[in-house]
Structure formats: C-alpha cells, structure tokens
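In: Curious how this folds, go ahead:
(2 chains)
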Amino acid sequence: MLGWELPPYNSGGLGVACYELCKSLAARGADIEFVVPYQADHGIDFMQVTAASPQGVVAVLQEGSVYDSARYVFEDGHEDRVNIYTQQQRYEEAVAELVERRGETFDLIHAHDWLTFRAALRAKQFACCPLVVQLHSVERDRAGGDAGNPLAREIESMTMLMADRVIAVSQYTKDQIIKDYGIPAEKIEVVHNSINPGDFAPLSLANAYTYLAAMKRQGYRVVSNVGRLTIQKGLTNLLYAAKEVIAHAPKTLFLIVGSGEQYYELLQLAADLGIARNVIFTEFQRGQRWRDAFTIADLFVMPSVSEPFGLTALEAIGYGTPVLASKQSGVIELVRNCLQVDFWDIHEMANQITAVMQNDALRDNLHENAYRELQHLSWDDSARKMIDLYERHGRKKAAA
Amino acid sequence: MSNKAIALYLHVHQPFRIRHYTIFDAGVNHDYFSDGTPDALTNNAFIVRKVAEKSYLPTNRRLLQILQEYPDFHLSLSITGTVIEQLEQWAPEALQSFKDLAATGRVEIVGETYHHSLAFFYSRAEFERQVQMHREKVEQVFGQTPKVFRNTELAYNNDVAYWADKAGYKAVLAEGWDKVLGWRSPNFVYRPAYTENIKLLLKNYHLSDDIAFRFGDRAWSEWPLTADKFTHWLNETHSADVFNLFMDYETFGEHQWHESGIFDFLEHLPKKWLQSPGNRFLTVSQAADAFAPADVVDTPETITWADTERDLSAWLGNSMQTSAITALYELEQKILNTNDLALIEDWRRLQTSDHFYYMCTKWFNDGDIHAYFSPYDTPYEAFTNFMNAYHDLKFRLSEKGVEV
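Out: Numbers count the residues shown, from 1 in each chain, chains lettered A, B, ... in the order given. As a prediction, the model looks like this:
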C-alpha cells in the first residue's frame, strides 16, 4: 500500500482512515506492506510499515494548504520544511526502487490519494501487478469547490485512467470523479470510511474545557468544529451563521479546534462580525483535548464546502454529540439522523443551529438516533468489501 | 538675552504582560501575569529586572549626578501604578533610585491613570477611580501630589482638557501635532478651548523624536547627534518659550542602547544648555506657571503620541482591539459589585493600553515599531491570550453566582 501518513504523524483524517482500514484488513488476513514517505516509529504490529526515504521523523506538520511544504521534525530536534513536490519525487524514486527489487512479491498495489499517485504509476510499471487507487478526496474538494491545482488534477486524472480499479470513499466522491474526470462509473466502487463503535472509550476525566463546562452550567450551549482551518472546511460560512445564531441565542459559544492557513483570517472575521467573545479558537489538539471538543458540544457542525467523507461527524456522534453536516459531504450517506444544510445557505445553517441551541430535547433525540445508527457501522465492513475487491482484481496466483 | 526653557518629561511604564494563556487555563488557573519561563518576553519579573538594569538604574544614577551638579536642573516624570508595583516586587533598588530623584525636590511627578488605561474613552467613573488610585500611590511613594495631568498615550481632546481643568490641574500634556497646531509652534504654552484656568503643554515631536527615535539611527542625516548640536538648534530657535521634550523614559538605555552614546548625550545636555545665559530647565508645572498662554487650542478630535496617524488607531484600529476592549468594559459593574479585590485588580490590569497595542495589525511603516515592542509573535496571539483571560474573568464571576 502506498500512503502519505499514518497516526500519530498525521495531519488529518487521511492517516486515520488508512490506519483503521489496514487494521481491519489485516484482521481478515491481508498481508500489507505500507509505504510512507518518512521514517518514524508508528507502533504498528499488524502490518509492515516501510519508510520510502530514511529520515528519522518524530512529527510531520502540515503548513498551510496541501500544496505547501510539510514541516518535518527530526529525532535530533531540528526541523525542515520539505517541499511537497520534492517529497513526492523522492517518494516516487524510492517506491520505484523498492518495487523493482521485490516486484514479484506483491499481488496488488493499493495507493491512497494523489500525493502517492506518481509513485503508484511507476510501481505498476515495474511490478506488473494490478493497481487500485483510492480517492479520499479529489482536487475540487481541497480547492473548496474550485477547479484547483491543474498539476494535481492531471496526476489524479492520469492515475485513475491507468488504474485497474478506482475506489471512492463515498457516493458523493464517486459522482465527483465521474463529473470532473470522466472516469466510467463501472470502474469506480464505493467503499465508505467507517468507525468502530467500540472505540469510544468511556469518559472518566473531567472535560478539558473547564471554562465551557462552567458556562454550560450558566445556561450556555456550545457548537464545535474540529478540523483544519482551510477553505475546504467552510468555516467562514459557519462564522457568518454564528452571528445570526448569537443574535437569537446569545448564550451560544462556538469552539473551533484546528490549525491551518485560515486561522488569522477566521480570528479577524469573528472580531469583524462582533462575535469574538463567543468564538473560541484553540488551534490543533490531540488526545483528551481533541476528544473533549466533541463531548463538550451540544452540536457538532461540519460546514464543509466539499467533504468526500467527514470522519469527524462520526466521531462526534460516538462521543455523544449530534451533527449538522453540509449536504456536500459523504458521511450523510451513512447517517440519516443528522441535520443537513447546503454549505452556502447561511440563514438555514443559522436556523438549524439555533433550533438545537434552544431545544435540548431536539439535541438529545437527534443524538440518540444517530448513535443507534452508528452501532451498525464498522471498519470490518469496509475491509470485507475491500478484500472482495482485491480478490476480483488482484494478481491471479499461479496454481503451483 | 534669550529666556528659554527645556521641559524634559520622561514617562516610565511597564504593563503586566499576559503570559501564554490558553482556553485550557481558563477556569483552572487564574494567574494571567506570571510566566514561569525564566527568560520569556512575557515574564514580567525578568523584563522589569532587565529594564531596571539597562535603563532605570544607569539613567537615574546620571540624573541624580546632574541634579547634584546643576542646581538649576529640573525634570518631570510620570510613573504608572503598574510599573511602581513591579519595581516594588522585583527591582526595589530601582524604585529607590526614583525616590532619590524625587527627594531632591526638583523632580515633579505627573498624574495619570494607575493602570495606564484608556478608561477615559470607555468609563469616566472607572477613569476617575484610576486617577485617584494613582494620586494616592504617588503621594505614598514620592510624597508629592500631581499638579499636571497626562492621559495614557497622551490621548487628548477637548474633553480631557475640560475634565483636567475641573479636576484642578495646572496643566495637561499632549502631542504637538501639526493638525492641531496649524501654523503655531509647540514651543509656547497654550490654553485648551472651553477651559478656564488650565494650560496646555505640547510635545515638540521633532526634537523629542530626534532623541527618542532617531538618536542611534546611522542612516539619519544628523547622526551622530551631540549635545552641542542639539543645544545649537535650540539656541537658534528664536521664537520660543519652552521646548517640550517628552519621551518614554526607556529611551535611555533600552530603546537607545548604551552603545549609541545616549547616556553621554544626557550627561552633556544640561551643561551645554545652561552655558548660554537665560536658558533654564523647568518642570511642567513650572513651565505652566512661567508663561502666559499664547493662544487657545481647539482639539475636537482625539490625538495621541503614536504612529504617523497620531490617533488611537494603534490601540483601537481594528475589530480585534475594539471587541476585546468593549468586552472588558462591559464587565465593569459585575466585577466591581463582587468587591473581590483580586478580581477587580486583574480586570484593571487587563485595561492597560499595551495589551491592545500588541493586537495592532498595522504592519507597514508603523508595524515594525509595534513588533519591536510586542512580546508576542503575532497580534493574533496577543488577542487570543487576552480573550482567554477575559473568559476566565467571566468564569470567576460565574463561580460567585453572577450571571454572565
């Protein structure tokens, strides 16, 4: 498998999805070698993780948009900004070399997202085995609905043409691939991302957001969002909606957890809209502070302009919070009990948020039903579909 | 024989800077102003000790020598409550050196708000409380009562003058900004419009900034500036009563480093100036007494001593600054009603104008000077730290059962 990141060295959902999928695939007997562009100890025992280039990395930080350089923190403490194209090129060379050396040993190559696709094409060339590419997002998603970077589109287009099979993480993404790249529908299969309902550890500690907990006792209600502060995530619209919500329900606080190139812009916008005292920005968090951003909220809002899947929505439900998701997201194909709104419809977004802020019964019912739906989901389900796909498309073993 | 004076007035101030204070601190740790990192730029003890060593102590040593050597040397200082408290805690020897200056009887302490706040523009009642607090502190520490008033950042308009007149001050200080003066010179004493008795002393910003900002600038055509050259300029200015040289005290040794020769300049200035017969040094109230008003100055719009705009935009120019400050003042009644002195004091420390200055986004031209004075990497960081402290104030109110 060719991937760009794995937890805890991930900048977002891509790493989490790859990790969970592989874990379930391994449980079903798949023998996976997962190639990442950097070297680090992920503490993974269910598959072999191979570093494309020997760099001892302890953290990978995404700077700004996905086209900007990533910041690698090395074992000796020094940091390096690695240009994304240079990194792709290095990765491609390393993967080509690896596959040339051991090509015959692979039954199938499975590549995740455009950053690995150049390497995937080279690998297919050398390995003479089938190539499956999985689209966790397409360029239009990352560009917030615009055409985006032509080079990235070209890489995606070329690779999907050459691949033996294309996997989309939602029907929404499959439709986009057909529309934007003209790939025949028959060549694309949907394998949804998922969640393991058992993974939500019961909460024992007091919530990390002491202040918000205290304000809730004062009758405040909390709306949260967890994600990168980038145009794709539609947070400017959420802030415009927040202004309307606060006008109707002044005791509403918005918690925005994440970092990204829009951070300063959003901070400034909240002040411009006169709602700075109701909007709290925390930058990127992990662990309990990440989890508690879901649990403290009365409503989780995912206002993405274009969201291929939207794992955070499932995480929110798992941690006890109902969801308002944009209609431009894949996750609503799995969860029917969530509020939905077009990302551009600020008034309707405000209307729905206000309704939940003013009605705890609505909040509780919405969550209860969504939580029930969540119990039917599992990564094993996705893995089962994937294994089936591998069997149909993988290299046919010689009889002897 | 000419009959001209220099009114040298130095402003001493340090804010209680807010440490890196996150939303996870709010409701947990109510200490916004103590930074445990020994050399952090928001470690107030560290900063105040450094400034004491680089600026307050060496400058006061020289000023005391000058006072002893020249019986005609006079000087004015304003010194905020927030810096006095910090000196009491972390650099008592520096505070003593200020007391030694005042003990000569030739150093006048100017009145202002205790917390170096912009309260005048947000709550007149709170403003008056802070002026009173400052007056009491100055009486207690320096044994004198301020007779001249300066508002924070020299923020001045007709209302400030009217208030200071009614409050009984002899004079009020302001920026000698061209838009206010028109064709007139800052080198005279004026009367503010709509006032009865008070006088207006206006900073000569050309001469003051030659010392405060340009002194160490090697690209400046007048560099190096010597006491000889400077007094020559003053002596050659024939139509003048008083040269109002107003600047931050930290000009000496902190903004202009020792290596720039700023201390030599300070030592030589009295000697060179007093060489010419008739030349004097006056405190600001002496200057107010000595000269009749040359004209009436009308200042309907607020002016300050900062940036090329000389208005409040360095503190209140963007929406982050205005939302932060209005949010803070909206808590006034609730905070005061608690009678919780620690809570009230924290609320007041957050009013210090520097916090809003750090949130300034005027990056170009003036931005560099803002960046120089800010302990934070970005104005956004300053804003979030401040707002998180504000949230914690609300938390503390809610703990007392106050509806927030």
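In: tell me the domain ranges of chain A?
Out: As assigned by automatic domain parsing, chain A contains the domains A:13-194+A:379-393, A:197-374.
In: Please work out the average pLDDT along the last one.
Out: What that stands for is domain A:197-374. The average pLDDT for domain A:197-374 rounds to 96.
In: re earlier: can you put the domains of chain A in JSON lines and add distance to B:Leu274?
Out: For glycine as for every other residue, the C-beta is placed from the backbone atoms N, C-alpha and C. Output for these, formatted as JSON lines (distance: least, CB to CB, whole Å):
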{"stretch": "domain A:13-194+A:379-393", "distance to B:Leu274": "58"}
{"stretch": "domain A:197-374", "distance to B:Leu274": "52"}
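In: Out of those, flag the one nearest B:His238.
Out: domain A:197-374 (51.0 Å; CB to CB).
In: on that earlier part again, looking at the domains of chain A, which one is packed in the most?
Out: domain A:197-374 (a mean of 20; mean count of other CB atoms under 10 Å in any protein chain shown).
In: Between the two ends of that one, how far is it?
Out: Domain A:197-374 has an end-to-end distance of 6 Å (CA to CA, to the nearest Å).
In: Could you work out which of the domains of chain A reaches nearest to chain B?
Out: Closest to chain B of those is domain A:197-374 (CB to the nearest CB; 3.4 Å).
In: How far off centre is the closest one?
Out: Distance of domain A:197-374 from its chain centroid, counting by CA atoms, centre = their mean, to the nearest Å, is 16 Å.
In: same deal with stretch B:309-318?
Out: Distance, centroid of stretch B:309-318 to centroid of chain: 16 Å (CA atoms, centre = their mean).
In: what are the C-alpha coordinates of that stretch, in PDB please?
Out: The C-alpha coordinates for stretch B:309-318 follow below in PDB (Å, rounded to 0.1, in the frame of the first residue of the first chain):
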ATOM      1  CA  GLU B 309      -1.700  59.000  12.400                       C
ATOM      2  CA  ARG B 310      -1.300  60.400  15.900                       C
ATOM      3  CA  ASP B 311      -4.700  58.900  16.800                       C
ATOM      4  CA  LEU B 312      -6.000  55.900  18.800                       C
ATOM      5  CA  SER B 313      -5.700  53.500  15.800                       C
ATOM      6  CA  ALA B 314      -2.600  51.800  17.300                       C
ATOM      7  CA  TRP B 315      -4.800  50.600  20.100                       C
ATOM      8  CA  LEU B 316      -8.300  50.700  18.700                       C
ATOM      9  CA  GLY B 317      -7.800  50.500  15.000                       C
ATOM     10  CA  ASN B 318      -9.000  47.000  14.200                       C
END
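In: Do it and chain A come into contact?
Out: Yes. Stretch B:309-318 lies within reach of chain A by CB under 8 Å from any CB of the partner chain, at B:Asn318.
In: For that stretch, give the mean pLDDT please.
Out: 94.
In: Contact residues of chain A facing chain B?
Out: So chain A meets chain B at A:208-215, A:217-218, A:263-264, A:267-268, A:271-272, A:274, A:276-277, A:280-282, A:289 (CB under 8 Å from any CB).
In: Tell me which of those residues fall in strands.
Out: Taking DSSP state E, the ones among these that sit in strands are A:Ile280, A:Phe281.
In: neighbouring contacts of stretch A:12-28?
Out: A:1, A:3-7, A:9-10, A:30, A:32, A:34, A:44, A:46-47, A:62, A:112-113, A:136-137, A:169, A:193-194, A:196, A:227-228, A:309, A:311-312, A:378-380, A:382-384, A:386-387 (CB atoms under 8 Å, 6 or more residues apart in numbering or on different chains).
In: A:Gln288 against A:Ser204, yeah?
Out: No. Judged on CB atoms under 8 Å, A:Gln288 makes no contact with A:Ser204 at a distance of 10.1 Å.
In: Torsion angles phi and psi at the closest residue to chain A within the stretch 51-200 of chain B?
Out: Nearest to chain A, among the residues of the stretch 51-200 of chain B, is B:Tyr122, at 15.5 Å (CB to the nearest CB). When read as degrees, to the nearest 10, the backbone of B:Tyr122 gives phi -120, psi -30.
In: same thing with A:Ile167?
Out: Per degrees, to the nearest 10, the backbone of A:Ile167 is at phi -110, psi 130.
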